[in-house]
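**Q** Build me a model:
(chains A and B)
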Amino acid sequence: MSRLSAVLGSDFVYRFRRDPIAIVAFAVTAAFMLAALLAPVLSPMNPHDPAQLDIMNSEIPPVWQSGGDPAFLLGTDDQGRDMLSAILYGLRISITIGIFAVMVQMALGIVIGLMSGYLGGKVDAFFMRLADIQLAMSTLMLAIVALAVFKAAFGAELFSDMAIIMLVLVIGIAEWPQYARTIRASVLAERKKEYVDAARVIGLSAPTIMRRHILPNTLSPLLVISTVQVANAIISEAALSFLGLGMPVTMPSLGSLISAGFAYIFSGSWWITTIPSIVLIVLILSINLLGDWLRDVLNPRLYKG
Amino acid sequence: MTFTLKSAATGALMACAVAVGADVAGVAPADAKTLRMAYDADPVSLDPQEQLSGGTLEMAHMVFDPLVRFTQDMAFEPRLAESWERIDDTTMRFHLREGVTFHSGNPFTAEDVVFTFNRMKKSPDFKGLFEPFEAAKAIDDYTVDLITTEPYPLVLNMATYIFPMDKEFYTGTDENGKPKDIIIKHGDAFATSHESGTGPFVVTAREQGVRVEFTRFADYWDTESPGNVTEIIFTPIKEDPTRVASLLSGGVDYIKPVPPNDLERLGNDPNVNLVTMGGTRIITLQMNQKRVEAFKDPRVRQAIVYAINNAGIVDKIMKGFGTVAGQQSAPGMVGYNPDLTPRYDLAKAKALMKEAGYEDGFSVTMMTPNNRYVNDAKIAEAVAAMLARINIKVDLTTLPKAQYWPEFDVRAADIMMIGWHADTEDSANYTEFLTMTPNADTGFGQYNAGNYSNPKVDEMILQSQTMVDLEARAALLQDVERILYDDAAFVPLHWQNLSWAARKGVHIEDIVNVMDFPYLGDLVIDD
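**A** Residues are numbered from 1 along each chain as shown, chains lettered A, B, ... in the order given. Predicted coordinates for the structure are as follows:
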């Protein structure tokens, strides 16, 4: 109980409650996460089950437009897929890919960043040059090349079965330098401090010092960068799907929904592409606002007291 | 930032096309007219005999000339043959035009026709069409006889497919030591990338999948042609909305096909010249009996036909821009059997699956092109959903046509899509290529990816080739359609309508036709 009140009374929560943008951004992000989590319960149909599609229901406008059908609140796409269900399931896929891709980035970034920062010397030079090289190429370019090669080598059939795993790996591997560099910078600042010397003097091994003593002190920049990176990963996934290198049309993510509806945007069926786009924009915006707020709160230099 | 990557690339490409077009217009004489056109795909080869496809024949009508061709109202029009006469039951004599030159500068003679005919007999795709023909014989420099083995009613129809090729140009060996006249499907042969025809346009630059440039042939024989286009820049644009947008923005002058969901918008636009026509191209799905045991059971094939709501596809995906089909022959053709109506009945489909012992269904692979037929990929996706209802799980792959045809030729999937337009404008042609027993020697069944084989059908079609009693022949061809229907030899979807659109002042209405081979040599562009 006292711990809970300590959290509630903390400066962090105090500042959160005083900032309406943070509250709204948090609420929207939480709502999207919840909707994604509960998609099977909330959706009127399972958009991944082709047997539930009926071509005769295709291109029904959203319910508030004339010709709308109350059974399809946000209308249907060109195959008769309920847009609301498709968006909920798409959100689920997009957020899953975003979070797992960031976990891959984080794992790689933390290991490499800690080693570079703590060990220094040749190890540091090697990994940081590698990061420089990778940063010189855009994430998307790397991802497009990797996915296109995979698709050509193993066929589109296997590709669509493996799409989620491939996207997580590709986006995860392509963005590790962001993490590695942030962690390395924090480690460089920490390793000179007395507590690290003290740990070394009592004979602890390097891995233990890195893990138990330095890592916890680098967590706040990690938290900030993670929120931004989740948003980035979701955007990368949407972009790749839009280009036809991501989720297949039969298992659409937000990006593939936007891409599929693109053909109809001029011919009246605006909702197929517009509604998923709005969802994507609102989701990214709220995650980014949350990330900005976190950075402000956790950065002592910006601390206004 | 990333969402515009694809359209930015297309935009840049179009900007280049516009820039180059403007350049040329700037230096050329005042009467120079450039046509910038965009189809969904560019021809896969410059060899008019490599692949029997719409794309190849469109190219052939630009770069080569046939002996005769169909006019818009389906009459025969003399081209390289000035006149023709029947000598006896099996011989047709063609009198050739004099003073015609090939793009290479070589004069056109009867020898070139004989060379072309003999090469056609060796082409895996075309030899089926020319199976009833025995030989072409040069009588003198400008007279050639086409001889059939039996009396054959469709000699002139077939002459529309003889595009004389330059014998001298295509004789010898290329730098790789391969004969210049060799036909390599989807490969790299001399004729794939070099041309010398007699047609109105010379290919001046070609980058497969990116851009083809044509210039009007200075010594073109047909000086009476009203056509005034001096240069064509052909850019394939696969994405429907991008193609339409580039016409509307003035990036291109002429597009084909027009996606059904944009027909209304283009038709209402005062600056667009939209032309549509009912077509006879049947879109079908073939179920490969060699790959899938279950497809050997006619009840399973019937169940699939019953499960596919092709009326819904025409209504919703094609926006009514097509005619629902229950058979191959389109209404108005001799083999059209009015009793064979489209079948869609989900309950019946389920019952048939149960009867055949496949109540729990099975998994199949399906492959379709995504830039060959109007809305092909969307149709495939809808079909996959419909088959899920009778517990057939479909793994669908869609490919651009340049990659699709090689896969089709090796029958790479259990269900494959093929659209067919009767080359002879006659019903038997559909069956000869799509449903007769595949035979590499005769070329019959060359596009039968279902491996359907029925000796009775084969026999009836062979019989129809020599029948001169047209009424009995029609009855026979209608019986063939009945057998195929009862056997559910393939899944008929619809006959695809045709559509072209250009900016005002580009008179495409005079040069397009039901075969979908626009005669661009005769195209007139207003000042």
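
**Q** could you list every residue that touches the closest residue to residue A:200 other than its chain neighbours?
**A** Of all residues not flanking residue A:200 in the chain, residue A:209 sits nearest, at 6.5 Å (CB to CB, 6 or more residues apart in numbering or on different chains). C-beta here means a position set from N, CA and C on the backbone, and glycine is covered the same way. Listed by CB atoms under 8 Å, 6 or more residues apart in numbering or on different chains, the contact set of residue A:209 reads A:118, A:196, A:199, A:200.

**Q** For residue B:291, which non-adjacent residue is closest in space?
**A** Sequence neighbours aside, residue B:414 is the residue nearest to residue B:291 in space, at 5.0 Å (criterion: CB to CB, 6+ apart).

**Q** I figured the one you found hits residue B:365, correct?
**A** Yes - at 4.9 Å, residue B:414 counts as touching residue B:365 under the criterion of CB atoms under 8 Å.

**Q** Mind telling me what element the closest residue to chain B within the stretch 151-300 of chain A is part of?
**A** Taking CB to the nearest CB, chain B has its nearest neighbour within the stretch 151-300 of chain A at residue A:239, 3.5 Å off. In the assignment (DSSP states H and E), residue A:239 maps to helix A:219-242.

**Q** buried residues in that helix?
**A** Residues of helix A:219-242 classed as buried: A:220-222, A:224-242 (neighbour count, 16 or more other CB atoms under 10 Å in any protein chain shown).

**Q** cool, stretch A:47-54 as well?
**A** For stretch A:47-54, by 16+ other CB under 10 Å, it's A:47, A:50, A:52, A:53, A:54.

**Q** okay if I get those as CSV plus pLDDT and secondary structure?
**A** Below are those laid out as CSV (pLDDT from 0 to 100; DSSP: H, G, I helix; E, B strand; the rest coil):
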residue, pLDDT, secondary structure
A:47, 88, coil
A:50, 84, helix
A:52, 87, helix
A:53, 87, coil
A:54, 87, coil
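
**Q** Any residue of the longest strand along chain B touching chain A?
**A** The longest strand of chain B (DSSP state E) is strand B:272-287. No - on the criterion CB under 8 Å from any CB of the partner chain, strand B:272-287 is out of touch with chain A, staying 13.3 Å away.

**Q** what packs against that strand?
**A** helix B:263-268, strand B:322-324, helix B:376-388, strand B:415-420, helix B:428-434, strand B:491-503 (3 or more CB pairs under 8 Å, 6 or more residues apart in numbering or on different chains; DSSP states H and E).

**Q** For residue B:449, give me its contacts.
**A** So residue B:449 contacts B:286, B:288, B:408, B:411, B:416, B:418 (CB under 8 Å, 6+ apart).

**Q** got a winner among the residues you listed for most neighbours?
**A** residue B:286 (25 neighbours; other CB atoms under 10 Å in any protein chain shown).

**Q** That residue contacts residue B:419, correct?
**A** No - look at residue B:286 against residue B:419 with CB under 8 Å: they stay out of range, at 11.3 Å.

**Q** Could you take the contacts of residue B:449 and lay them out as TSV, with extra columns for pLDDT?
**A** Converted to TSV, the contacts of residue B:449 look like this (pLDDT from 0 to 100):
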residue	pLDDT
B:286	96
B:288	96
B:408	94
B:411	94
B:416	96
B:418	95
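
**Q** And those, which is closest to chain A?
**A** Checking the contacts of residue B:449 one by one against chain A (CB to the nearest CB), the nearest turns out to be residue B:416, at 14.2 Å.

**Q** Excluding covalently adjacent residues, which one is nearest to that closest one?
**A** residue B:449 (4.4 Å).
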